[in-house]
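*Asks:* pasting the structure only:
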Ligand SMILES: *Cc1c(COP(=O)(O)O)cnc(C)c1O
């Protein structure tokens, strides 16, 4: 019986399907940009900025070269650096933390809640007189508990920066992530839900002064050519990426709907006795950047699935406080038990645009036979 069953390979992720779905449109746009003779900060970039600001419901969007740039430039523009502390969840992707430390500020880790996001109930105990901001990461695509977080930020007059690299369009009580705090930071790295074909990022804000400062900063601190106001960076979004992002953005709603269908199936059909499936917070929406389950036998499960031809990824095996890069912060194993427990038990199942029903069946079948 078993032998008669078809063998398949289901990768953890594959980006070619998402390209194939709108191939003609992507190719036409690429040619249009190549033939235009304008490659940096032109009409495609300003059109994308306007469309993306509209998509999230923000007044301004400024295109940048990457998500990490969006983060560190956000803190730079807010004047947060050496001697300042920024609260951030312990179980995030390390880029969130780098966005803080590139400016010389100190990350103060907070344990995550049951939804893998910042545990708002544990925020207040970490606040000191040096605390200047909260970096909220809407991890895996689900909006964080923004009502509680904003209440605490207002009480202590803290800045709020949102890391929306995984949450394009995810909402909390109807409001899109990235629009709650002072600045929302986005990545359009190819594997993100709104992905470019190379590196790209952006910030969104309702504050016109912040938008203008970022706009100047991204282009060597110059407003007018060869007149430099501040020491800035080269973090420009290029025309090709902006044009291709416009194509993807115009289809994002149908793409997200397809992703939701796959994850609804996972939620309905995977065996809850065997795995801890992801929960959705009341009032929050999830755009399923990753479908993350938890298992005490995670490493064994990963090897078993590999053996069946099914790829999975661990997001993330080493929490930032235990990584070599942040050894200088002086943390050790046991410093953040919830964060560390997640690092040992999480597993992201195959999920990508254009995943077939047959591929989903295959994953569900072998998962449930574990
Ligand atoms: C991808 C990602 C980033 C960094 O974005 P890049 O465009 O790769 O620099 C930052 N934070 C989170 C949570 C991410 O997932």
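*Replies:* That came through, no problem. These numbers come from a predicted model, not from an experiment.

*Asks:* From now on I want contacts and neighbour counts done on CA atoms only, so please keep to that.
*Replies:* Noted.

*Asks:* Output the below-cut-off pLDDT ranges for the chain.
*Replies:* 1-5 (pLDDT under 70).

*Asks:* Up against the ligand, what does it have?
*Replies:* 66-68, 93, 95-96, 163, 165-166, 187-189, 199-201 (Cα under 6 Å from any ligand atom).

*Asks:* Inside helices: which ones of those?
*Replies:* 67, 68, 95, 96 (DSSP state H).

*Asks:* hang on, residue 212 in a helix?
*Replies:* Yes. Judged by DSSP: H, G, I helix; E, B strand; the rest coil, residue 212 forms part of a helix.

*Asks:* Just send the ones in helices among the residues of the chain next to the ligand back as TSV, with neighbour count too.
*Replies:* Below are those laid out as TSV (neighbours: other Cα atoms under 10 Å):
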residue	neighbour count
67	26
68	26
95	17
96	24
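
*Asks:* okay if I get those as TSV plus distance to residue 27?
*Replies:* Below are these laid out as TSV (distance: Cα to Cα, whole Å):
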residue	distance to residue 27
67	25
68	28
95	31
96	33
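
*Asks:* element containing residue 107, please.
*Replies:* If you go by DSSP states H and E, residue 107 is part of strand 106-110.

*Asks:* biggest strand in this structure, by residue count?
*Replies:* Secondary structure of the chain read by DSSP state E shows that its longest strand is strand 131-137.

*Asks:* distance of the closest residue to the ligand within the stretch 201-350 of the chain from residue 352?
*Replies:* Residue of the stretch 201-350 of the chain nearest the ligand, by Cα to the nearest ligand atom: residue 201 (5.8 Å). From residue 201 over to residue 352 the distance is 20 Å, taken as Cα to Cα, to the nearest Å.

*Asks:* same thing with residue 316?
*Replies:* In terms of Cα to Cα, residue 316 sits 18 Å off from residue 352.

*Asks:* Which one's more surrounded, the two?
*Replies:* residue 352 (25 against 19; other Cα atoms under 10 Å).

*Asks:* quick one: the helices in the stretch 51-200 of the chain?
*Replies:* Along the stretch 51-200 of the chain, counting by DSSP state H, counting those that start in this stretch, helices occupy 67-77, 94-101, 146-155.

*Asks:* quick one, which of these is packed in tightest?
*Replies:* helix 67-77 (a mean of 25; mean count of other Cα atoms under 10 Å).

*Asks:* so what secondary structure elements neighbour it?
*Replies:* helix 94-101, strand 183-187, strand 201-205, helix 208-217 (3 or more Cα pairs under 8 Å, 6 or more residues apart in numbering; DSSP states H and E).

*Asks:* Could you count how many residues lie near the nearest residue to residue 113 once chain neighbours are set aside?
*Replies:* Residue nearest to residue 113 in three dimensions, not counting chain neighbours: residue 119, with 4.5 Å by Cα to Cα, 6 or more residues apart in numbering. Neighbours of residue 119 under the rule other Cα under 10 Å: 19.

*Asks:* next one: residue 144
*Replies:* By other Cα under 10 Å, neighbour count at residue 144 equals 30.

*Asks:* Do I have it right that it meets residue 112?
*Replies:* No. Contact criterion Cα atoms under 8 Å: residue 144 and residue 112 do not qualify, at 10.3 Å.

*Asks:* Give me the common contacts of the two.
*Replies:* Shared contacts of residue 144 and residue 112 (Cα atoms under 8 Å, 6 or more residues apart in numbering): residue 118.

*Asks:* what helix or strand is residue 338 on?
*Replies:* helix 337-345.

*Asks:* ok, the closest residue to residue 158 other than its chain neighbours - contacts?
*Replies:* Setting aside the residues directly before and after it, residue 158 is nearest to residue 133 in space (Cα to Cα, 6+ apart), at 4.8 Å. Listed by Cα under 8 Å, 6+ apart, the contact partners of residue 133 are 85, 86, 87, 153, 158, 159, 160, 161.

*Asks:* mind checking how far the first one is from residue 203?
*Replies:* Okay, so that is residue 85. Distance from residue 85 to residue 203, by Cα to Cα: 21 Å.

*Asks:* what's the answer for the second one, then?
*Replies:* Relative to residue 203, residue 86 is positioned 18 Å away (criterion: Cα to Cα).

*Asks:* higher neighbour count, the two?
*Replies:* Higher neighbour count among residue 86 and residue 203: residue 203, with 32 against 27, using other Cα under 10 Å.

*Asks:* now the strands for the stretch 151-300 of the chain?
*Replies:* Taking DSSP state E, counting those that start in this stretch as the test, the strands found in the stretch 151-300 of the chain are 159-163, 171-172, 175-176, 183-187, 201-205, 222-224, 227-228, 292-294.

*Asks:* what's the most buried one of the ones you listed?
*Replies:* By mean count of other Cα under 10 Å, the strands of the stretch 151-300 of the chain have strand 183-187 as the most buried, with a mean of 30.

*Asks:* what's the spacing between that one and its chain's center?
*Replies:* Strand 183-187 sits 9 Å away from the centroid of its parent chain (Cα atoms, centre = their mean, to the nearest Å).
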